[in-house]
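1. Let me see the structure of the following:
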Amino acid sequence: MGGDSGVAGSINEWCQGREWRWRAALLAVLVWQAARPLRDSEAWHVFRGINFGVHEFGHLFFGFGGEWLAIAGGSLMQILVPIGAMAAMYTTSRDWFGVVSVGSWLAASLADLAPYIADARAQELDLVSFSPEGAGHDWHFLLAHAGWLKNDLGIARGARFVAVLILVATVLAALALFRRMARSREKPATA
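-> Just a heads-up that it's a prediction; the model follows:
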């Protein structure tokens, strides 16, 4: 398909001659790690510390926008940074496997947010923060101000559902890449 243009052409070109096996092994580990918080919200996973740091940085970063934005900024940054990493993979090197595999981080990030959202009314989770005066519960504040506090469990289920969808999309997109990589290595070179 030498006439491919646009994204499909870019993907085909990138896949030419690339090895898929080690990428499949790496993706399996990343997906396994991202699935852990979906099964058990307290399970350790490789993304947990990164998500915590990004979350806390988000409070500082969005502090310019007043109390509401500073509080929302933690969760917002936790979603924006993986999306930004995808964009960086795309814009700097058109690394399609990089773009796809970062989906596992985004899914883990949403999976980490879900129990925090679900705890908005109960406020039973032990909170950790860099704030010197102690942290309030972000999602209690946000949902109470929006008048949605009674919907905390539904919103948390929605976050988990989106995390699952992203993880499934990550796997399907990676499988499509692996298939293209394998096919490109099978084809004899043409003059």
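2. How far does the longest helix belonging to the chain sit from its chain's centre?
-> Longest helix in the chain by number of residues, with DSSP state H as the criterion: helix 152-186. Using Cα atoms, centre = their mean, to the nearest Å, the distance from the centre of helix 152-186 to the centre of the chain it belongs to is 11 Å.
3. which strands and helices sit next to it?
-> Counting contacts by 3 or more Cβ pairs under 8 Å, 6 or more residues apart in numbering; DSSP states H and E, helix 152-186 packs against helix 6-15, helix 21-39, helix 96-118, helix 138-146. Yep, even glycine has a C-beta here, placed from its N, CA and C like the rest.
4. Just want the most central residue of the protein.
-> Using Cα atoms, centre = their mean, the residue of the chain that lies closest to the mean C-alpha position is Leu106, 0.3 Å off.
5. That residue touches Pro82, doesn't it?
-> Yes - in this structure, Leu106 sits in contact with Pro82. The criterion is Cβ atoms under 8 Å, and the distance is 4.0 Å.
6. burial count for Phe57?
-> By the criterion of other Cβ atoms under 10 Å, Phe57 has 16 neighbours.
7. just to revisit the earlier point, which residues are in contact with the residue nearest to the centre of the chain?
-> Shown in contact with Leu106 (Cβ atoms under 8 Å, 6 or more residues apart in numbering): Ile79, Pro82, Ile83, Met86, Ala163, Ile166.
8. Flag the shaky bits of the chain, pLDDT-wise.
-> Low-confidence regions of the chain, defined here as pLDDT under 70, cover residues 1-5, 129-135, 187-191.
9. Name the surrounding residues that touch stretch 80-98.
-> With Cβ under 8 Å, 6+ apart as the contact definition, stretch 80-98 has outside contacts at 10-11, 14-15, 18, 23, 27, 54, 58, 99, 102-103, 105-106, 109, 174, 177.
10. switch the cut-off to 7 Å
-> Ser10, Ile11, Trp14, Arg23, Val54, Val99, Val102, Trp105, Leu106, Ser109, Leu177 (Cβ atoms under 7 Å, 6 or more residues apart in numbering).
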